[in-house]
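Compute the structure for the input listed below.
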Amino acid sequence: MNHNKKILIIGAGPAGLSAGIYAQMNGFDSTIFEMHSIPGGLCTSWKRRGYVFDGAVRYLAGIHPEVKGYQLWQELDIFKNTTFHYYDEFTCIEGKDGQKLHLYTNTDKLEAHLLELSPQDKRPIHDLVEGIRDFSRLDLPVNLTASSAQEFAKMGREMLPVLMPTLRWLNVTLPEFAQRFKDPVLREGLPLFFQFSGADFPMMLYLSTLGMMNDEEAGYPIGGSLPIAESLEAHYLELGGKILYRTRVTDILVRDDRAVGLELNGETKVTGDLVISASDGRAAIFDLLDGHYTNDRIIQRYSGGMTASKSILQISLGVDMDFSEQPPMVNFPLEEPVWLGNIYHDRLVIKHYCFDPTMAPQGKSVLTLWCEADYGYWKWLSANKDRYNQHKDEVADVVINALDRRYPGLRDSVEVVDVATPVTYERYTGNWRGAFAGWALTTRKMSLMMGIGMDKTLPGLSNFYMIGQWVEPGGNVELSCASGRDVIKDICDNLAQEFSTG
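Predicted coordinates:
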């Protein structure tokens, strides 16, 4: 083992913590540098007067012992203190006429509900349900990318059970498929399954998600996002890793086209043999490295060739009302559309966490809403603190009024209000324009996920790697953790060292 090899990791989100864990398992000396005071990055939650507001995880995939992804979570040791809630219904989508589309996680129950809603759509309903059942057989390997021709061939063989469904659905978008339905609630409601999904949202991701939920391969971790990050942090520290919090990386030190260290807080310099960036992709490439190590593909990607995920407002409420009998997530039209910031909204999506007893006092509820936001507008507002806070209060008031019309008495039951803007996301995570994830989910991203993925290195620069949501299309917690595992495996391969997960 290379006990003298020193790895410097930027960012203590899931990707950085995972990379640190596998670095320690493989005999490296690693240190993580995190600008915030806690681990997790976007995988976080926060407490306000007895309520816990979550900013990330709605479900984790790969948590069933019989799927390959379970190995990742075992190696990272998150199951020790984690229990899961399995949704009966993931979301309810309401039409303008009040008709409700319940997206149940049990495929048989979903099929019966859809046929009851629209017997005339029997054929596309059959295709939808058949696709879910096909993709319930999808069992993705722990390794995201193959490090050899033999491994690539092995991964290909493992995909054979879903080869035909993959070829059938790979380039089909959810909005395209929804147009096959005659019933307006199904035609308009199905594309709303994933909030912020665009015209190029891949049907295959829709099918595979419902397939995982049907098989209980995906569930919500009781306690929310921050305990997952804290579990990763604890395991990393147990293995001898080091984390420096409140430490901002202000430069990546390069000598002879080789990453040799980091500048911290604009003054201190530390040296290392390898540098791994688990931070914002744009900041790493164009700020910390001044754009010196790029090519046309990278420039095109960050100049609009790929769409970043939305900037959002998160409005969180602690209310003295019990929502446990409501669907866990409801997407509903507003009788009177509203302005939130400078964006017009004719629908709201409300989530409750009553299935998690750790989030609110008994008999009370946490409600969260994610709403699309204009980063530039909120950045302009933030230049004046009073103006910024006033607009946050106004946004919360508009949302509370809209919810009060739907749930009479809610306004008087509100005990805690919290508003996070794109500027909040940017300040706490460093994510470009406060985007809540990396790249937006599209069929192009799905093709990258099914192929060789994005490069974790930059052209012309050695001893430097990038991991996390800006190089792993999909960008969720499990992919970010797998990205950290992958990069250490690649480093071990490059050093002709056996990769250890023990």
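
With adjacent residues omitted, what lies nearest to Val399?
Ile315 (5.0 Å; Cβ to Cβ, 6 or more residues apart in numbering). All C-beta atoms are positioned from the backbone trio N, CA, C, and that covers glycine.

do the same with Ser208
For Ser208, the nearest residue in space outside its immediate sequence neighbours is Phe135; the separation is 4.3 Å by Cβ to Cβ, 6+ apart.

Test my guess that the one you found contacts Leu207.
Yes: between Phe135 and Leu207 there is a contact under Cβ atoms under 8 Å: 4.5 Å.

hang on, the earlier thing: pLDDT score for the residue nearest to Ser208?
Confidence at Phe135, expressed as pLDDT, is 89.

residue contacts, it?
Val162, Pro165, Met204, Leu207, Ser208, Leu210, Gly211 (Cβ atoms under 8 Å, 6 or more residues apart in numbering).

which one in these is the model shakiest on?
Val162 (74).

If we go by neighbour counts, what in the lengthiest helix in the chain is buried?
Longest helix in the chain by number of residues (criterion: DSSP state H): helix 385-406. For helix 385-406, a neighbour-count test (16 or more other Cβ atoms under 10 Å) marks Tyr388, His391, Lys392, Val395, Ala396, Val398, Val399, Ile400, Ala402, Leu403 as buried.

So for that helix, mean pLDDT?
97.

Please apply the same query to stretch 256-268.
The model assigns stretch 256-268 a mean pLDDT of 97.

Then stretch 142-149?
The pLDDT scores in stretch 142-149 average 65.

circling back to that earlier point, please verify my assumption that the residue nearest to Val399 contacts Val398.
No: using Cβ under 8 Å, Ile315 and Val398 do not qualify as a contacting pair, with a distance of 9.2 Å.

Need the phi and psi values for the closest residue to Glu94 other than its chain neighbours.
The shortest distance from Glu94 to any non-neighbouring residue, by Cβ to Cβ, 6+ apart, is to Phe332 (4.3 Å). Phi and psi for Phe332, reported as degrees, to the nearest 10, are phi -130, psi 150.

Please report how far Phe332 lies from Leu369.
Remark: distance between Phe332 and Leu369 (Cβ to Cβ, to the nearest Å) = 11 Å.

returning to that earlier point: so how many other residues sit close to the residue nearest to Glu94?
For Phe332, the neighbour count with other Cβ atoms under 10 Å is 19.

try the one 3 residues further on
Burial of Glu335, expressed as a neighbour count using other Cβ under 10 Å, amounts to 10.

Repeat that for Leu192.
Count around Leu192 with other Cβ under 10 Å applied: 19.

before we move on, back to that, what's the closest of the contacts of Phe135 to Lys5?
Of all the contacts of Phe135, Ser208 has the smallest distance to Lys5: 37.5 Å, by Cβ to Cβ.

Can you verify my assumption that the closest one contacts Leu138?
Yes: at 5.5 Å, Ser208 and Leu138 qualify as touching, with contact defined as Cβ under 8 Å.

out of those two, which sits in the more crowded spot?
Legend: neighbour count by other Cβ under 10 Å for Ser208 and Leu138, higher for Ser208 (26 against 20).

Quickly note the distance from that one to Ala259.
In this view, Ser208 and Ala259 are 36 Å apart by Cβ to Cβ.

So which helix or strand of this protein has the lowest pLDDT on average?
When each helix and strand of the chain is scored by mean pLDDT, DSSP states H and E, helix 443-450 comes last, with a mean of 59.

right, and the helix or strand after it?
Reading on from helix 443-450 to the C-terminus, the next helix or strand found by DSSP states H and E is strand 464-466.

Could you say which helix or strand holds Thr209?
Going by DSSP H and E, Thr209 is in helix 203-214.

ok, back up a step: checking my notes, the residue nearest to Val399 in a helix, right?
No: counting by DSSP: H, G, I helix; E, B strand; the rest coil, Ile315 falls outside a helix, being strand.

going forward can the numbers begin at 512, since that is how I track them
All right, first residue 512 from here; so that's Ile826.

who's in contact with it?
Thr879, Leu880, Cys882, Val906, Ala907, Val910, Val928, Asp929, Val930.

ok, now how distant is it from Val877?
12 Å.

What pLDDT is listed against the spatially closest residue to Leu748 that is not a sequence neighbour?
Excluding its sequence neighbours, the residue lying closest to Leu748 (Cβ to Cβ, 6+ apart) is Ile754, at 7.2 Å. pLDDT recorded at Ile754 is 98.

just the one 4 residues further on next, same as before
Looking at Thr758, its pLDDT is 97.

Just want the phi and psi numbers for it.
Residue torsions, per degrees, to the nearest 10, at Thr758 are phi -130, psi 110.

Let me see the contact set for it.
Phe544, Glu545, Met546, Leu775, Asn776.

neighbour-wise, which of the residues you listed leads?
Glu545 (26 neighbours).

Just give me the neighbour total for Ser876.
Using other Cβ under 10 Å, Ser876 has 22 neighbouring residues.

Verify the stated contact: it with Phe834.
Yes: the criterion here is Cβ under 8 Å, and Ser876 meets it with Phe834 at 4.3 Å.

Which single one of the contacts of Phe646 is nearest to Tyr598?
Among the contacts of Phe646, and counting by Cβ to Cβ, the member closest to Tyr598 is Leu721, at 10.5 Å.

Report the secondary structure element holding the residue lying closest to that closest one once chain neighbours are set aside.
Spatially, and ignoring its direct neighbours in sequence, Leu721 is nearest to Ile643 (4.8 Å; Cβ to Cβ, 6+ apart). Using DSSP H and E, Ile643 sits in helix 633-646.

ditto for Glu744
helix 736-749.

Which elements pack onto that helix?
helix 525-536, strand 556-559, helix 581-587, strand 753-755, helix 988-1005 (3 or more Cβ pairs under 8 Å, 6 or more residues apart in numbering; DSSP states H and E).

and that helix, C-alpha only, in CSV?
C-alpha atoms of helix 736-749 as CSV (Å, rounded to 0.1, in the frame of the first residue of the first chain):
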residue,chain,number,x,y,z
SER,A,736,-30.2,13.9,5.0
LEU,A,737,-27.8,15.2,7.6
PRO,A,738,-27.6,11.9,9.6
ILE,A,739,-26.5,10.2,6.3
ALA,A,740,-23.7,12.8,6.0
GLU,A,741,-22.8,12.5,9.7
SER,A,742,-22.6,8.7,9.4
LEU,A,743,-20.2,9.0,6.5
GLU,A,744,-18.2,11.5,8.4
ALA,A,745,-18.0,9.3,11.5
HIS,A,746,-16.8,6.3,9.4
TYR,A,747,-14.2,8.4,7.7
LEU,A,748,-12.8,9.7,11.0
GLU,A,749,-12.9,6.2,12.5
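
ok, and for it, which residues are buried?
For helix 736-749, the neighbour count (16+ other Cβ under 10 Å) marks Ser736, Leu737, Pro738, Ile739, Ala740, Glu741, Ser742, Leu743, Glu744, Ala745, His746, Tyr747 as buried.

Give me the helices and strands touching the helix or strand containing Tyr939, please.
Using DSSP H and E, Tyr939 maps to helix 933-940. The contact analysis (3+ Cβ pairs under 8 Å, 6+ apart) places helix 933-940 against strand 823-830, helix 886-892.

out of those, deepest packed?
strand 823-830 (a mean of 24; mean count of other Cβ atoms under 10 Å).

how far is it from where the chain is centred?
Chain-centre distance of strand 823-830: 18 Å, with Cα atoms, centre = their mean, to the nearest Å.

Thank you kindly, that will do.
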